[in-house]
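Participant: Show me how the following folds:
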Amino acid sequence: MTQLPHQRRGFVALLAALLTLATLVLAAPAPGAQGDQGWWNPTARPSPDSQIGVTGEPFRGTDAQGHVRGFVDAHDHIMANEGFGGRLICGQSFSPAGIADALKDCPEHYPDGSLAIFDFVTKGGDGKHDPVGWPTFADWPAHDSLTHQQNYYAWIERAWRGGQRVLVNDLVTNGVICSVYFFKDRSCDEMTAIRLEAQKTYELQSYIDSMYGGPGKGWFRIVTDSAQARSVVAQGKLAVVLGVETSEPFGCKQILDVPQCSKADIDRGLDELYGLGVRSMFLCHKFDNALCGVRFDEGALGTAINVGQFLSTGTFWQTEKCTGPQHDNPIGLAPALAAQAQLPPGVTVPAYAGDAQCNSRGLTELGEYAVRGMMQRRMMLEVDHMSVKAAGRSFDIMESESYPGVISSHSWMDLDWIERVYRLGGFVAQYMNGAEAFSNEAKRTDALRDKYHVGYGYGTDMNGVGGWPGPRGADAPGAVQYPFRTADGGSLVDRQTTGARTWDINTDGAAHYGLVPDWLESIRKVGGQDVLDDLFRGAESYLTTWGASEQHRAAVNLAAGASATAGSAEWNPFTSYAAGRAVDGDRGTRWASDWNDNQWLQLDLGSTGLVGRVILDWERAYGRAYRIEVSTDGTNWRQVWSTTTGDGGLDTALFTPVPARYVRIQGVQRGTQWGYSLYEVGVHSS
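Facilitator: All right, here's what the predicted structure looks like:
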């Protein structure tokens with residue numbers, strides 16, 4: 001029988017009251033504890049609240065080799081409900097007023113979800129759904145709902161109890177989506193939202209602490225360095241790292257290709273974020289900005305994002321033919337009528353050539369300044385969402401400094417660059433795909449992880465706009481059997497219950513964060529123990545990357561101010577292109593040769609020492625084929641490195657360190673019609 005809205009609300013209120021009364025009268029154990037008392041169960045959990053459904057003591061300490069154990073989610077958005085104007089994601093991760101307040105729908109979604117407008121774009125259909133959250137949860141959270149809170153604190157607690165030990169909470173928003181969305185109750189300024197989400201994350205830590213007896217006693221610990229994170233994991237708790245994923249960091253948008261920020265803005269912004277505890281971040285996300293071009297989105301969502309790109313920057317995405325094997329995502333071409341209606345009259349989304357799969361925008365001068373600024377602060381750079389051109393240049397910069405702090409956290413990077421990440425010492429996580437797809441991709445890259453002795457991670461992207469694994473069916477091969485043991489074998493996991501709703505990964509899919517342990521069990525059942533073992537080593541690998549970034553120190557440039565000579569220098573009555581311009585520390589000057597192949601640049605380092613790395617920062621006139629030679633006396637030369645496939649940009653030549661006083665770059669074949677031209681040359685011992 002169909003209930004009228006007021007009848008239905010009355011029924012829900014009655015059910016909530018009965019659940020509360022039952023909790024008080026029966027004096028049941030704290031939800032999830034099921035009589036399993038210990039340091040891991042709070043003494044003052046709110047009542048009523050979500051159950052946890054996990055029994056057994058969370059594992060603590062390290063393995064026999066001194067490595068931390070556990071899973072890492074490298075990409076989550078606990079506080080996304082505070083971004084986008086405050087009304088795009090409905091519900092909160094916690095509320096002092098309790099679960100009924102935290103897990104309620106947005107007011108405009110009542111009575112039937114007709115005004116869940118964001119669902120029109122992300123999910124299709126009419127957006128209609130049962131808006132009631134606690135205690136019935138008839139329609140949300142769900143694996144295909146992108147507008148409802150999936151990160152309630154007790155669900156995160158269940159993931160921690162299931163073996164997760166590191167969680168990256170990416171503070172997220174988008175000013176354009178906020179500005180065009182009909183419902184909002186706060187400013188669309190991105191940095192204001194980031195500050196608020198950071199504040200709320202610290203408030204969540206305090207909220208959980210209050211259940212365990214005071215500051216520092218809860219399981220949710222925000223960490224700001226890798227040693228602190230290792231200590232937290234050794235205690236069996238969850239180390240929470242703050243990251244940032246936003247489209248216009250530091251106000252660095254661009255309008256008609258004109259940057260709206262400066263280097264001073266970048267420095268102030270990085271300093272502020274670091275002070276908030278942020279240790280990793282994206283420099284661009286969804287829309288091209290003053291720092292970098294983005295990796296495209298596909299389908300109708302891609303079309304909608306491209307509309308947002310125009311509204312933000314005044315230009316649509318621009319494509320070109322890729323110059324290497326890497327390419328950006330296929331560009332969104334399917335119609336997104338609700339989004340396209342936001343365009344000014346007469347403006348339409350352009351068509352794109354099928355053979356032009358790369359964003360023509362790469363890493364800008366300001367973007368390079370930001371990358372180097374992050375390296376100076378020992379922060380980790382997220383390269384997902386960067387265009388191929390932007391990511392490639394970022395890799396070049398990090399390789400030139402041997403900087404390990406690079407993260408691909410949720411499968412938004414060209415997969416052919418995974419080894420490049422590992423070679424630097426970086427970390428890779430895969431998007432939270434279905435068990436089959438996730439396992440297959442994990443096995444495809446398994447040999448690389450073995451080669452570099454690293455673990456693996458996942459990026460749930462909960463409260464993001466990607467969608468999550470759907471139900472496989474209770475009778476599907478590899479279906480999860482409840483209850484099951486956690487990866488360490490010490491805890492028992494049953495189905496998760498919140499209010500009147502019990503979720504099952506087989507029939508509900510990954511509806512909310514509490515089902516992460518269930519999803520991991522499905523990975524084990526479908527992909528095998530080896531995949532799960534790689535994931536269980538993920539926390540150690542992530543913290544290794546972080547620690548190496550903190551310990552990194554810029555190597556001494558032996559070529560700084562060195563005596564330089566060249567086979568030739570291009571003549572210009574207004575500008576000098578003399579050899580010394582390539583070692584003066586100023587990227588605004590350069591050495592340029594005559595326009596023929598057989599040209600050279602020679603550096604005298606002043607004394608003999610070990611040389612093992614040479615960095616060449618090419619101007620547009622680069623070397624296609626060239627070699628690097630060294631000498632101790634300037635007469636007898638030894639070739640230590642060569643290439644015939646140079647593509648310009650920033651080249652790093654690595655070779656076994658050898659004694660040398662003199663270094664010579666010998667041109668063999670030019671890459672352009674001009675000569676050879678270098679902004680700067682760096683020489684390092686290793």
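
Participant: Give me the buried positions along stretch 350-359.
Facilitator: Tyr352, Ala356, Gln357, Cys358, Asn359 (16 or more other CB atoms under 10 Å). C-beta here means a position set from N, CA and C on the backbone, and glycine is covered the same way.

Participant: surely the second one meets Trp317?
Facilitator: The one in question is Ala356. No. Applying CB atoms under 8 Å, one finds Ala356 not in contact with Trp317, separated by 10.6 Å.

Participant: which stretches of this protein have low pLDDT?
Facilitator: 1-36, 120-125 (pLDDT under 70).

Participant: Spell out for me which residue occupies the centre of it.
Facilitator: Ser409 (4.4 Å; CA atoms, centre = their mean).

Participant: which residues sit in contact with that one?
Facilitator: By CB atoms under 8 Å, 6 or more residues apart in numbering, the residues touching Ser409 are Ala74, His75, Val168, Glu382, Asp384, Phe427, Ala429, Gly457, Gly459.

Participant: just the buried residues of stretch 350-359 now: which is nearest Gly86?
Facilitator: Asn359 (31.0 Å; CB to CB).

Participant: so the closest one touches Cys292, yeah?
Facilitator: No. Here Asn359 does not reach Cys292: they are 9.2 Å apart, not a contact under CB under 8 Å.

Participant: what residues are shared contacts of those two?
Facilitator: By CB under 8 Å, 6+ apart, the residues touching both Asn359 and Cys292 are Ser387, Ala390.

Participant: mind listing the strands for the stretch 301-450 of the chain?
Facilitator: Per DSSP state E, counting those that start in this stretch, the stretch 301-450 of the chain carries strands over the ranges 319-320, 358-359, 380-382, 406-408, 427-431.

Participant: And Ile78, how close does it get to Glu365?
Facilitator: 34 Å (CB to CB, to the nearest Å).

Participant: Equivalent analysis for Val223, please.
Facilitator: For Val223, the distance to Glu365 (CB to CB) stands at 33 Å.

Participant: Those two: which is more packed in?
Facilitator: More neighbours surround Val223 than the other of Val223 and Glu365, with 23 against 12 (other CB atoms under 10 Å).

Participant: what's the neighbour count on Pro325?
Facilitator: Pro325 has 9 neighbouring residues, counting by other CB under 10 Å.

Participant: Next up, phi/psi of it, please.
Facilitator: Main-chain dihedrals, Pro325, degrees, to the nearest 10: phi -70, psi -20.

Participant: any idea what sits nearest it, other than its immediate chain neighbours?
Facilitator: Spatial nearest neighbour of Pro325, excluding adjacent residues (CB to CB, 6 or more residues apart in numbering): Asp416 at 5.9 Å.

Participant: where exactly do the helices run in the stretch 201-350 of the chain?
Facilitator: Along the stretch 201-350 of the chain, counting by DSSP state H, counting those that start in this stretch, helices occupy 226-234, 263-276, 299-313, 337-340.

Participant: Give me the number of neighbouring residues for the closest residue to Met375 other than its chain neighbours.
Facilitator: Excluding its sequence neighbours, the residue lying closest to Met375 (CB to CB, 6+ apart) is Tyr403, at 5.2 Å. Using other CB under 10 Å, Tyr403 has 23 neighbouring residues.

Participant: isn't Tyr403 right up against Gly426?
Facilitator: No. Tyr403 is beyond contact range of Gly426, at 9.2 Å (criterion: CB under 8 Å).

Participant: Could you measure from Arg472 over to Ser439?
Facilitator: Arg472 is 12 Å from Ser439, where distance means CB to CB.

Participant: what's the overlap in contacts for the two?
Facilitator: Common neighbours of Arg472 and Ser439 (CB under 8 Å, 6+ apart) do not exist.

Participant: Find the nearest non-adjacent residue to Glu248, please.
Facilitator: In space, and not counting its chain neighbours, Glu248 is closest to Glu190: 5.1 Å by CB to CB, 6+ apart.

Participant: Now Lys217. Nearest residue, chain neighbours left out?
Facilitator: Closest residue to Lys217 apart from its sequence neighbours, by CB to CB, 6+ apart: Asp209 at 5.6 Å.

Participant: If you tally nearby residues, what's the number for the one you found?
Facilitator: So Asp209, with other CB under 10 Å, has 18 neighbours.

Participant: Would you mind measuring from it to Trp219?
Facilitator: Relative to Trp219, Asp209 is positioned 9 Å away (criterion: CB to CB).

Participant: do Asp518 as well
Facilitator: 19 Å.

Participant: Out of those two, name the residue with the larger neighbour count.
Facilitator: More crowded of Asp518 and Trp219, by other CB under 10 Å: Asp518, with 28 against 23.

Participant: what residues are up against the more buried one?
Facilitator: Val480, Val493, Gln496, Asp504, Ile505, Ala510.

Participant: how about it, secondary structure?
Facilitator: Secondary structure state of Asp518, per DSSP: H, G, I helix; E, B strand; the rest coil, is helix.

Participant: For the lengthiest strand in the chain, what is the distance to the chain centroid?
Facilitator: Longest strand in the chain by number of residues (criterion: DSSP state E): strand 650-670. Remark: strand 650-670 is offset 35 Å from the chain centroid, using CA atoms, centre = their mean, to the nearest Å.

Participant: helices and strands around the helix or strand following that strand, which ones?
Facilitator: Later in the chain than strand 650-670, the nearest helix or strand by DSSP states H and E is strand 677-684. Contacts defined by 3 or more CB pairs under 8 Å, 6 or more residues apart in numbering; DSSP states H and E place strand 677-684 against strand 591-592, strand 600-618, strand 650-670.

Participant: Just name the most buried of these.
Facilitator: strand 591-592 (a mean of 28; mean count of other CB atoms under 10 Å).

Participant: what's next to that one, contact-wise?
Facilitator: Residues outside strand 591-592 that contact it (CB under 8 Å, 6+ apart) are 564, 566, 569-570, 577-582, 601, 619, 621, 674-678.

Participant: Partner strands of it and their direction?
Facilitator: Partners of strand 591-592 in the sheet, by DSSP bridges, are strand 677-684 (antiparallel).

Participant: and the partner strand with strand 650-670, angle?
Facilitator: On the basis of axes from the mean of the first three to the mean of the last three CA atoms, to 10 degrees, strand 677-684 is oriented at 130 degrees to strand 650-670.

Participant: gap between strand 677-684 and the chain center?
Facilitator: Worked out by CA atoms, centre = their mean, strand 677-684 lies 31 Å from the chain centre.

Participant: mind exporting that strand as PDB, just the C-alpha atoms?
Facilitator: Extracted in PDB, the C-alpha atoms of strand 677-684 (Å, rounded to 0.1, in the frame of the first residue of the first chain):
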ATOM      1  CA  SER A 677      69.500  25.700 -26.900                       C
ATOM      2  CA  LEU A 678      69.600  25.100 -23.200                       C
ATOM      3  CA  TYR A 679      68.200  27.200 -20.400                       C
ATOM      4  CA  GLU A 680      70.200  25.500 -17.700                       C
ATOM      5  CA  VAL A 681      72.500  22.500 -17.200                       C
ATOM      6  CA  GLY A 682      72.900  20.800 -13.900                       C
ATOM      7  CA  VAL A 683      75.600  18.300 -12.900                       C
ATOM      8  CA  HIS A 684      75.400  16.200  -9.800                       C
END
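
Participant: If we go by neighbour counts, what in that strand is buried?
Facilitator: For strand 677-684, the neighbour count (16+ other CB under 10 Å) marks Ser677, Leu678, Tyr679, Glu680, Val681, Gly682, Val683, His684 as buried.

Participant: Could you point out which of those is nearest to Gly606?
Facilitator: Comparing these against Gly606 with CB to CB places Val683 closest, at 11.2 Å.
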